[in-house]
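J.: sequence and predicted structure below; questions after.
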Amino acid sequence: MKGFGVIKPFEQVGWVQKEKPVLGPCDALLEPVAICPCTSDVHTAYDIPATPNRILGHEAVGRIVEVGREVKDFKVGDVVAVPAVTPKWRTLDIQDSYHQHSGGLFKGMQLSSSEDGCMAEYFKVNDIDMNVAKVPDGVPLEAAVLVGDMMTTGFHGAELGNVGFGDSVCVIGIGPVGLMAVAGCALRGAGKLYAVGSRPVCCELAQEYGATEIIDYKNGPIAEQVLKLNGGRQIDVAIIAGGGTGSIEEAYNMVRPGGTIVNIEVQSDTNGLVIPTYASGFGLAHKTFVGGLCPGGRRRMERLMDMILEGRINPSKMITHKFYGLDACEDAFYLMRDKPKDLIKPIVYFDQKK
């Protein structure tokens, strides 16, 4: 089969030819219906020691074409939302820790990591009964494909921050993950909700999703702008969804003692993450710093699609660029890498023609 992936780690991506994946008794083989490239695909290609010839892609809606003999709840022809995190559920790590790290750090995220991803003619999903969800009538394809990473990651930021009614929150970075963090915080009852970004297409959508103020990082230190807008008071929660390691110090500067700093951005700077001495109260300010890989699994997908079905949220508004056919994965990947000003999220349709 043909797929688009990492040819030479840190340097080169391109097309590869591989055998179809071999299924276990609880697994399924899928053909993509639609996929979205992700910034994490770019990180996988250029920032981490990926496996050579590893096929990229972990955001997909797929159609099941083959199932293992122990699969009970899904059949050939079912169209399902596939999360970025598809863990092995029969590990002790599930009981000791988080399913995202079943088998070790990040091991719950298998697509494009330990297994080939979805930018291919076919891809495998392990433990299909536990890891995917049927796309219900009424949930658009463009929304379903965003549930498994963008929506679950952004919402996880709001969850990790324990955002509650009336909380003051700042989301730093309003790409697709940050936009979903804004929406998640609004749904959880945030009061003042600041969103940091500069691209007009993202700023407009952030306001539509519930941001009360847009802050342009080009106009000066973010924390200073937040404090000025917040009447000189520090805020309850800062969620880092962009801006790199420099956002950590800004977040600490804007959050009150006892508040929470959440990181849901891939921090790939190998020089380390720095907690500022004074803003952290010399390590004694009771400020919580927490970060987490997005939740996956079947029930998470079903719950998020229920929210779409009931009109609580429409993530498909983030789709700005459309591509068609497997070969277009390459152009869509480079678009995500280069991030033009009018981009939020590209989609590649496999079943539809332009």
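T.: Done, it's in. These figures come from a predicted structure and were not determined experimentally. Residues are numbered from 1 along each chain as shown.

J.: which helices and strands sit right next to the strand or helix carrying A144?
T.: Element membership of A144, judged by DSSP states H and E, is helix 141-146. Counting contacts by 3 or more Cβ pairs under 8 Å, 6 or more residues apart in numbering; DSSP states H and E, helix 141-146 packs against strand 28-35, strand 60-67, helix 298-309, strand 345-349. All C-beta spots, glycine's among them, are computed from the backbone N, C-alpha and C.

J.: based on its surroundings, how many neighbours for L92?
T.: Around L92 there are 9 other residues, counting by other Cβ atoms under 10 Å.

J.: out of the helices and strands in this protein, which is least certain?
T.: The helix or strand of the chain with the poorest confidence is helix 92-96; it has a mean of 89 (mean pLDDT, DSSP states H and E).

J.: let me know the next secondary structure element after it.
T.: Helices and strands here follow DSSP H and E; after helix 92-96, the next one along the chain is strand 123-125.

J.: I'd like to know which elements the helix or strand following that next one is packed against.
T.: As assigned by DSSP H and E, the chain's next helix or strand after strand 123-125 is helix 128-131. When contacts are defined as 3+ Cβ pairs under 8 Å, 6+ apart, helix 128-131 packs onto helix 298-309.

J.: the helix or strand following the helix it packs on pairs with which strands?
T.: Moving toward the C-terminus from helix 298-309, the next helix or strand (DSSP H and E) is strand 319-324. Strand 319-324 has these partner strands in its sheet, going by DSSP bridges: strand 345-349 (parallel).

J.: go ahead and confirm D127 touches T91.
T.: No: assessed by Cβ atoms under 8 Å, D127 is found out of contact with T91, at 11.0 Å.

J.: between these two, tell me which one has more neighbours.
T.: Counted by other Cβ under 10 Å, D127 and T91 do not tie: D127 has more neighbours, with 22 against 17.

J.: not counting its neighbours along the chain, what's nearest that one?
T.: Closest residue in space to D127, ignoring its immediate chain neighbours: C26 at 4.9 Å, by Cβ to Cβ, 6 or more residues apart in numbering.

J.: can you give me the strands in the stretch 101-250 of the chain?
T.: 123-125, 133-134, 169-172, 193-196, 213-215, 235-240 (DSSP state E, counting those that start in this stretch).

J.: out of these, which gets nearest to L229?
T.: Among those, the nearest to L229 by Cβ to Cβ is strand 213-215 (5.5 Å).

J.: spit out the contact partners of G154.
T.: Each residue near G154 by Cβ atoms under 8 Å, 6 or more residues apart in numbering is listed here: P176, V177, G178, L179, M180, A181, V182, A183, G184, A241, I264.

J.: so which of these sit within helices?
T.: Judged by DSSP state H, the contacts of G154 include P176, V177, G178, L179, M180, A181, V182, A183, G184 as members of helices.
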